[in-house]
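[1] Everything below, folded, please.
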Amino acid sequence: MYVTHVPNRSSPPAILLRESYRDGERVRTRTLANLSSWPPAKIAALQAVLRGQAVAPSALVIRRSLPHGHVAAVLGTARRIGLDRLLGQADARPATLALAMIVARVIDPASKLATAAQLAPDTATSTLGELLDLGSLDQDDLYAALDWLVAQQARIEAALARRHLREGTLVLYDVTSSYLEGRHCELARHGYSRDGKRDKLQIVFGLICTAAGCPLAVEVFEGNTADPATLASQIAKLKQRFGLQRVVLVGDRGMITAARIEETLRPAGLDWITTLRAPQIQALAGDGGPLQLSLFDQRDMAEITSPDFPGERLIVCRNPLLAAERARKRQDLLRATEAELARIVAATRRARKPLRGRDKIGLRVGAVLDHRHMAKHFVLTITDDGFSFSRNLDGIAAEAALDGIYVLRTALPAQTLDAAATVRAYKGLAHAERAFRSLKISDLEVRPIYHRRARRVRAHVFLCMLAYHIEWHMRARLA
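    So this is what the prediction gives:
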């Protein structure tokens, strides 16, 4: 590629940018651009570049270009919903740093050390620090802002509740767990791990949402706290801190148990929507019970009553897709369990070192059945020198008859919330589950948690909840 001057009789010469190329055995030339209108200095600079010579720098030097669009979207949403005003005065340093951490958690979740680097002027990865006029900072500044934020949690949650909750409103409540790194946090305990990390210490936290899934409050508990044990503090929060006397609490059957209804919800005067456990459903479907499968000959939802639940409505639903999935899963588990049990039978019959002894055979069989929780579906015969098994066909058939059936339990009168609306309200728990997915896995990455002090762990979880509050509003606006 080169620049050439082509004479043009009495007119100024044409200045062309050309390149040579080979066409078979011949070398040809083609014109790429006409540079005749360029000023001489610009043409000379291009010729120097084509010759590989150094070119003097121009007056404009680009030193750094920071991403801005995502900052404008998230920070703009935070300001539109008034979260910056809710945190505190705009010129208060802790409130501004807390807002920066919340927005940074949505943009690029990271540790507090990494977040400090993202916000500091010399190592900024976006325009967030500049827009909030943060100046120089380090992780100690962020830790101090975390301590300030957790002290403001009650005030901020009460303000969010005033914005989104009214008397008689539906409130979603659900609980999850998250593992911690390290062994010194006073909240850390071994418990039922929803993360599948049984060897790690964990915390438990409960999330209060509106019926549409907008998060309003979060509370952190010790890692071995059972779900129902968290309910009393949430009721106190709704009635005392938020000032609500009539609320309908929506929770799953592991949360709103029969004991919690009698000991916590009824005395507090709160209504609820939950579901029955499998043994309770089986009792309703027993001989002469109110739950008859003929109810679903023409429809997939029916309302019944039972003397076991006086003054309450029971709404029975059947989901054909769920029924098919449960049947498929049961058959897969039965076949897998039978294959392992058959190996034990073969071990008792092999010629060399056969498996002997009722105790030894029983241990092997118990391990197989416990692994997939299939003991109820098999009839076993174990002796000192042999083992046989068969399917419990009656038990399997009884369970299969209730595939896809679930029963909602509520004391709300039908005039307040009819059957279809009650079912929709319970299905709203999917919003809380989506919040947990965003908090823990897909977006905000609440884990892993490295904080050691209890107040920092609580502040970290609360900060992540506020980040999801912004994300929820962004999703709602986009929808």
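[2] For the top helix by length along the chain, name the packing helices and strands.
    Longest helix in the chain, counting residues (DSSP state H): helix 320-349. When contacts are defined as 3 or more CB pairs under 8 Å, 6 or more residues apart in numbering; DSSP states H and E, helix 320-349 sits against helix 358-372, strand 387-391, helix 393-401. For the C-beta atoms, the positions are set from N, CA and C on the backbone; glycine is no exception.
[3] How far away from the center of its chain is that helix?
    32 Å (CA atoms, centre = their mean, to the nearest Å).
[4] for the protein, what spans make up the strands?
    2-8, 11-23, 26-34, 169-179, 202-210, 215-222, 247-250, 271-275, 301-304, 313-318, 378-382, 387-391, 405-410 (DSSP state E).
[5] For the protein, give me the ranges with low pLDDT.
    55-60, 89-91 (pLDDT under 70).
[6] So it: which segments form each domain?
    2-51, 68-150, 168-319+404-478, 321-402 (the TED database).
[7] Would you agree T381 is in contact with V365?
    No: under the criterion of CB atoms under 8 Å, T381 makes no contact with V365, lying 10.4 Å away.
[8] who has more neighbours, these two?
    V365 (20 against 9; other CB atoms under 10 Å).
[9] quick one on the thing from earlier: mutual contacts of T381 and V365, please.
    Common contacts of T381 and V365, defined by CB atoms under 8 Å, 6 or more residues apart in numbering, comprise 387, 389.
[10] And the residue nearest to I449 when sequence neighbours are not counted, how far from Y192?
    Once flanking residues are discounted, I449 sits nearest to L180: 4.7 Å by CB to CB, 6 or more residues apart in numbering. According to CB to CB, to the nearest Å, L180 and Y192 sit 15 Å apart.
[11] A285 too?
    Counting by CB to CB, the gap from A285 to Y192 is 29 Å.
[12] neighbour count winner among these two?
    Using other CB under 10 Å as the criterion, A285 and Y192 rank with A285 on top: 18 against 14.
[13] The more buried one - nearest residue in space that isn't next to it in sequence?
    L291 (4.4 Å).
[14] residue contacts, the one you found?
    281, 284-285, 304, 316, 405, 407.
[15] Buried subset of those as a PyMOL selection?
    A single PyMOL command is used to select the members of these judged buried by 16 or more other CB atoms under 10 Å:
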select buried, resi 281+284+285+304+316+405+407
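[16] Tabulate the contacts of L291 in a markdown table, adding columns for distance to T257.
    Below are the contacts of L291 laid out as a markdown table (distance: CB to CB, whole Å):
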| residue | distance to T257 |
| --- | --- |
| I281 | 15 |
| L284 | 17 |
| A285 | 21 |
| I304 | 21 |
| V316 | 20 |
| I405 | 20 |
| V407 | 15 |
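[17] Between the contacts of L291, which sits nearest D271?
    D271 lies nearest to V407 out of the contacts of L291, by CB to CB, at 17.2 Å.
[18] ok, back up a step: between the contacts of L291, which is closest to P109?
    Distances from P109 to these, taken by CB to CB, are shortest for V407, at 39.5 Å.
[19] Verify the stated contact: that closest one with R318.
    No: judged on CB under 8 Å, V407 makes no contact with R318 at a distance of 10.3 Å.
[20] quick one: the helices in the stretch 51-200 of the chain?
    69-80, 83-87, 93-107, 112-119, 128-131, 139-151, 153-164 (DSSP state H, counting those that start in this stretch).
[21] Tell me which of those helices sits most buried.
    With neighbours taken as mean count of other CB atoms under 10 Å, the helices of the stretch 51-200 of the chain reach their highest mean count in helix 93-107, at a mean of 23.
[22] Show me what it packs onto, helices and strands only.
    Helix 93-107 packs on helix 69-80, helix 83-87, helix 112-119, helix 128-131, helix 139-151, helix 454-478, going by 3+ CB pairs under 8 Å, 6+ apart.
[23] Same list (the ones you listed) but as a markdown table, adding distance to D23.
    Shown next, in a markdown table, are those (distance: least, CB to CB, whole Å):
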| stretch | distance to D23 |
| --- | --- |
| helix 69-80 | 47 |
| helix 83-87 | 66 |
| helix 112-119 | 55 |
| helix 128-131 | 55 |
| helix 139-151 | 64 |
| helix 454-478 | 55 |
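[24] The residue nearest to A285 and R93, how far apart?
    61 Å.
[25] if we can go back for a sec, state the number of residues packed around the residue nearest to I449.
    Count around L180 with other CB under 10 Å applied: 23.
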